[in-house]
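Chemist: here are the coordinates; sequence isn't available:
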């Protein structure tokens, strides 16, 4: 059986193998538990580098993709971030580690139209 600390170490080493170099990004990914943004049986897979289902037919992005996107942003404490359609809120939580103020819109209405 693998301990939580071993899983966490494997999770971070996998991000490094995927090319994530920014220590602040790695630290944020380590401190924000992706499992908090998942439900049911998917919590067990929270440290797997795969997208997982969330509500409304959406998915939570795989951690390496989230890390790459945030690394490419090159954001700092002087930046302001507006994230629209945050889905699970996981990426927003990671982003909040980098900026003073983070604004987000979590839910969007879905309208059906006649074709």
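Modeler: That came through fine. The structure presented is a predicted model; accordingly, all values stated were derived computationally and were not measured.

Chemist: which of the residues in whichever strand or helix holds residue 6 are buried?
Modeler: In the assignment (DSSP states H and E), residue 6 maps to helix 4-17. Neighbour counts over helix 4-17 (16 or more other CB atoms under 10 Å) mark 11, 12, 15 as buried. Quick note: C-beta positions are derived from backbone N, CA and C, even for glycine.

Chemist: check which helices and strands that helix sits against.
Modeler: Here helix 4-17 touches helix 23-31, helix 63-73, going by 3 or more CB pairs under 8 Å, 6 or more residues apart in numbering; DSSP states H and E.

Chemist: okay, the ones you listed, which one's buried deepest?
Modeler: Most buried of the helices and strands packed on helix 4-17 by mean neighbour count (mean count of other CB atoms under 10 Å) is helix 63-73; its value is a mean of 18.

Chemist: which helices and strands sit right next to it?
Modeler: Contact partners of helix 63-73 among helices and strands, from 3+ CB pairs under 8 Å, 6+ apart: helix 4-17, helix 23-31, helix 90-95.

Chemist: ok, which of these comes nearest residue 45?
Modeler: Taking CB to CB as the criterion, residue 45 comes closest to helix 4-17 out of the helices and strands packed on helix 63-73, the separation being 10.8 Å.

Chemist: thinking again about what came up before, touching the helix holding residue 6 from outside, list them.
Modeler: Residues outside helix 4-17 that contact it (CB atoms under 8 Å, 6 or more residues apart in numbering): 2, 26, 29, 30, 47, 49, 63, 64, 67.
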